[in-house]
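S.K.: After the sequence you'll find the predicted model.
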Amino acid sequence: MRYTYSEYVSIFKALADETRLKIIQMLLDGELCACDILEAFNITQPTLSYHMKILTECGLVRGVKDGSWMKYTVNNERLMMINDVYKCIEKR
């Protein structure tokens, strides 16, 4: 494994939530504005901000400010970390 265990743990903790998994699924189709993500859920803006903070802090998602909006994309390199863990487990 080429990353530290703490890096893997933060990713798996972030993915251990149904809303965050759905957000990642949505972002796999391309960049989305926070307002577009919010429309897909029955949550408040502060709740979305909380989820996006967790996803960006672990590096799974990148956020860029565009005027008054935040736009988010998936960090594919971090997603590949999940694949690395699977490969490691599979070898055993």
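M.R.: Structure received.

S.K.: mind checking which helix or strand of the protein has the lowest mean pLDDT?
M.R.: The helix or strand of the chain with the lowest confidence, counting by mean pLDDT, DSSP states H and E, is helix 76-90 at a mean of 82.

S.K.: Touching it from outside, list them.
M.R.: Contact with helix 76-90 is made by 1, 2, 3, 7, 8, 11, 15, 24, 58, 59, 60, as judged by C-beta atoms under 8 Å, 6 or more residues apart in numbering. Any C-beta I mention is one placed from the backbone N, CA and C, and that applies to glycine too.

S.K.: can you do 10 Å?
M.R.: With C-beta atoms under 10 Å, 6 or more residues apart in numbering as the test, helix 76-90 has contacts from 1-3, 5, 7-8, 10-12, 14-15, 24, 28, 55, 58-62, 75.

S.K.: Over to stretch 8-19?
M.R.: 1, 3-4, 20-21, 23-24, 37, 40-43, 47-48, 50-51, 53-61, 78-79, 81-82, 84-85, 88.
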